[in-house]
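Enquirer: Quick one, what's the 3D model for this:
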Amino acid sequence: GFTPQPTSSSFRLFEPLRGPVVLRPALPRTSSTMPKGGLTLDISSGILFQTIINGIMLGSIYAMVALGLALIYGILEIPNFAHGTLYMLGAYIAYQLIISLGFPYWAALFCSAAVLFLIGMLIERIAFRPLYTQPMINSFIVAVGLILILENGVQAVWGPAFKRFPGASSSVFHLLNITI
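Expert: Below you'll find the predicted structure:
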């Protein structure tokens with residue numbers, strides 16, 4: 001494996017682990033429960049499963065963005081790197097519909113998707129369609145320009161401060177010591 005070399009003899013930035021890494025529920029620390037030569041990470045099963053659920057939920061968001069990007073590239077053969085920025089714009093549109101206009105959660109998401117469909121059609125017709133016969137680098141430049149325009153437009157309209165997006169439900173589900 002990769003072992004980084006220290007920059008000097010007195011300072012070691014990376015220290016390789018020696019012995020096995022043992023993951024198990026927290027136990028009282030006594031000499032009989034400590035593995036010899038290993039590192040013990042005390043992780044309760046609830047925290048471990050909670051982290052797995054959180055990873056699955058975050059990973060599904062990343063997968064949705066990646067699948068959309070792959071679908072657009074597969075059909076149009078144009079890499080639209082502004083795809084994630086369009087997801088951000090859709091979230092802000094849904095936020096505005098819920099907060100300012102009082103839309104229900106699911107209606108706001110549907111309307112936001114419809115608005116983004118129209119914006120996507122407009123971007124394809126105006127920005128990308130003239131570039132179908134041009135070299136691929138031109139599409140890259142347009143996509144990066146769209147990122148800058150959309151991000152700065154969102155900051156101009158909604159500001160740079162963090163916004164809390166209201167959830168579909170205020171209820172919290174507990175299942176086997178896991179919060180969903």
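Enquirer: which residues touch residue 139?
Expert: With contact set as Cβ atoms under 8 Å, 6 or more residues apart in numbering, residue 139 has these partners: 78, 79, 80, 128, 131. Just so you know, the C-beta spots here come from the backbone N, C-alpha and C atoms, and that holds for glycine as well.
Enquirer: for the fourth one, helix, strand, or coil?
Expert: For residue 128, the secondary structure call by DSSP: H, G, I helix; E, B strand; the rest coil comes out as helix.
Enquirer: residues near it, how many?
Expert: By other Cβ atoms under 10 Å, 19 other residues sit near residue 128.
Enquirer: Equivalent analysis for the second one, please.
Expert: Using other Cβ under 10 Å, the number of residues around residue 79 comes to 15.
Enquirer: show me the contacts for it.
Expert: Applying Cβ under 8 Å, 6+ apart, one finds that residue 79 lies in contact with 69, 73, 136, 139, 140, 143.
Enquirer: Excluding chain neighbours, give the residue nearest to the first one in space.
Expert: Same thing as residue 69. Among residues not flanking residue 69 along the chain, residue 83 sits closest, at 4.7 Å (Cβ to Cβ, 6 or more residues apart in numbering).
Enquirer: Now do residue 174 against residue 90, distance only.
Expert: The gap separating residue 174 from residue 90 is 30 Å, by Cβ to Cβ, to the nearest Å.
Enquirer: before we move on, what about residue 166?
Expert: Distance of residue 166 to residue 90, given as Cβ to Cβ: 15 Å.
Enquirer: quick one, which of these two is more surrounded?
Expert: A direct count of neighbours by other Cβ under 10 Å for residue 166 and residue 90 places residue 90 higher, at 19 against 13.
Enquirer: in this protein, which residue is closest to the centre?
Expert: In the chain, the residue lying closest to the centroid (Cα atoms, centre = their mean) is residue 62, at 5.0 Å.
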